[in-house]
Each structure stands twice: as C-alpha cells, then as structure tokens.
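In: predicted model follows, preceded by the sequence.
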Amino acid sequence: MPQLPRRPGFTAAIFDMDGLLVDSERVTLRAWIGAARARGIALAEADYLQVVGRASTDSDAMLTALLGGPHVFEQVLADVAVRLSDGGPEPLFPLKPGAASLLQALRHAGVPCAVASSSRRDEIEHRLGRVGVLHHFQAWAGGNEVPRGKPDPALYRLAAGRLGVDPAQCLAFEDSENGARAAQAAGVAVVIVPDLKQPAADVAGRSHGVLESLVSAHDHLPRWFVAAGTPKNR
C-alpha cells in the first residue's frame, strides 16, 4: 500500500457498486461483446473497458461510436437488456467476496455508508436489494442524478452531501480508475479494489491503498475509521 500522509480517521464510507460490491462487470462485458458479435461487429474487450466506471450518458456515447452509429447501438442495447434480465430465482449479479461482512462490520461500528454508482438510482436499489445489502446504506447517488458522471467528482460530492459528511471525512471504495479519479477529485480518499483492470500508476499512487479484495479491508477498519474501534448497536 502506498505511504501517504496520515489523515485523521474517517467518519463515513462511500462505495461504488458495479465491480466493487456486486460482480456485474464481467457479465455485462460478455453481454455487450456477445450482442455485438451477433450483428457481425467485433467489439474488443479493451475497447469496452474504456467505458467501465462511467455514467450511462458517457458510456452510451462511446459505445455508439465503437459500434458504428446510433441505430446499431440501439439494436445492441436492446439485445444486452435481454441478456441481462434479472428475473431468475438467483441474482444475476452476486455479491463480491467480503462485501456483506464489511458492510456489516461498518454498520456495527456505527460508520454511515453511501453508494456512489454510475448506474441509475433505480438500478442501485434493485441490485443491492436483490443481494440483501441495501439496508446497510443511509444514502445513495446514481449516475442519472448528476450532470456529468465519473471521473467527474459530482457523484461523490452528492453522496457525501446526502450523508451530511464533509468529503474529506469520507473514505471511498472503488474498483475502476474512472471511479478512483472521481473520488480523488472530490477530495475523498479512496481505496482501490481492482476488478477488470489495474489502475494507472498515478491513480494508485494517490490512493489510500490498493487491495486484492474487500476481504482484505477488514483488518484496516480500526485504523481507517474513527468509529470502528467502538462497536455500536444500530
């Protein structure tokens, strides 16, 4: 982990969702590549990875260019929606390892938590409700609620504002480089837990740490959060 100047203990946590709390990015990647291939379009994984962590308006514009225009994009998007339908008995996007226990530990310690996700607000509620962790969050902010998505800092500022906490007192958990840049631009310290790709060296170097999984975060809680050393019943 990079050796950064020590900051006072944080009082709140803000989480990304896709690829961080729920294992959705790989499923979504396969859906887009498969839907494009069904129409004779070779959508490269490296090209798709450029949109990861961005708000839907930005990612849609990039995918429209990659797929060759609005008409083809709308066709592929409709196919992707079918491929990602979540009506089965098990959630399409399961929780990532360590997510449930980490959220429970923060709740038990009295650390308020929010979600700052590029997905729409209704998708946040649906996906986190499906895996049974929505109740751990006091606030959430979706990409459809801000003028510009990640890496712009607006989403993190909105999430911190809804918690009623100064961004400087929040610690974010992110999997994507775009998300980490958004948190850092908002003045929020960030721990990166890479999913589909590793962050750039400059982003990792300015982070509060780079972990292999959320499981690894548990041992750091008493050091990171003011309230984590004093468990509370909530």
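Out: Structure's in. What do you need?
In: skipping its backbone neighbours, what lies nearest residue 217 in space?
Out: The shortest distance from residue 217 to any non-neighbouring residue, by C-beta to C-beta, 6 or more residues apart in numbering, is to residue 102 (5.6 Å). From N, CA and C alone the C-beta is placed, and that goes for glycine too.
In: secondary structure element holding that neighbour?
Out: Element membership for residue 102 (DSSP states H and E) is helix 99-109.
In: kindly export that helix (C-alpha atoms) in PDB.
Out: Provided in PDB are the C-alpha atoms of helix 99-109 (Å, rounded to 0.1, in the frame of the first residue of the first chain):
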ATOM      1  CA  ALA A  99     -18.800  -7.200   0.700                       C
ATOM      2  CA  ALA A 100     -21.500  -8.400   3.100                       C
ATOM      3  CA  SER A 101     -19.200  -8.900   6.100                       C
ATOM      4  CA  LEU A 102     -17.500  -5.500   5.500                       C
ATOM      5  CA  LEU A 103     -20.800  -3.600   5.400                       C
ATOM      6  CA  GLN A 104     -22.000  -5.500   8.500                       C
ATOM      7  CA  ALA A 105     -18.800  -4.500  10.300                       C
ATOM      8  CA  LEU A 106     -19.200  -0.900   9.400                       C
ATOM      9  CA  ARG A 107     -22.800  -0.900  10.400                       C
ATOM     10  CA  HIS A 108     -21.900  -2.500  13.800                       C
ATOM     11  CA  ALA A 109     -19.200   0.200  14.300                       C
END
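In: for the next helix or strand after it, which helices and strands make contact with it?
Out: Proceeding N to C from helix 99-109, the next assigned helix or strand is strand 113-117, under DSSP H and E. Under the contact criterion of 3 or more C-beta pairs under 8 Å, 6 or more residues apart in numbering; DSSP states H and E, strand 113-117 touches strand 12-15, helix 99-109, helix 121-130, strand 139-142, helix 154-163, helix 177-185.
In: quick one: average pLDDT of strand 113-117?
Out: Across strand 113-117, pLDDT averages out at 98.
In: same check, this time on stretch 170-190
Out: Averaging pLDDT along stretch 170-190 yields 96.
In: cool, and stretch 19-32?
Out: Mean predicted confidence for stretch 19-32 is 92.
In: can you pull out the residues in contact with that stretch?
Out: 15, 17-18, 43, 45, 48-49, 52-53, 63, 76, 80, 83-84, 91-96, 99, 115, 127-128, 131, 133, 173-176, 179, 193, 195-196, 214 (C-beta atoms under 8 Å, 6 or more residues apart in numbering).
In: who's in contact with the worst-scoring helix or strand of the chain on mean pLDDT?
Out: Lowest on mean pLDDT, DSSP states H and E among the helices and strands of the chain sits helix 56-67, with a mean of 89. Applying C-beta under 8 Å, 6+ apart, the contact partners of helix 56-67 are 32, 36, 41, 43, 47-48, 50-51, 54, 70, 73, 76-77, 118-120, 143-144, 148-149.
In: among the residues you listed, which are in helices?
Out: 32, 36, 47-48, 70, 73, 76-77 (DSSP state H).
In: which among these end up buried?
Out: 32, 36, 47-48, 73, 76 (16 or more other C-beta atoms under 10 Å).
In: what number of residues lie near the residue nearest to residue 217?
Out: Residue 102 has 25 neighbours, counted by other C-beta atoms under 10 Å.
In: can you check residue 94 too?
Out: 14.
In: distance check, it against residue 117.
Out: Computed as C-beta to C-beta, to the nearest Å, the residue 94 to residue 117 distance reads 16 Å.
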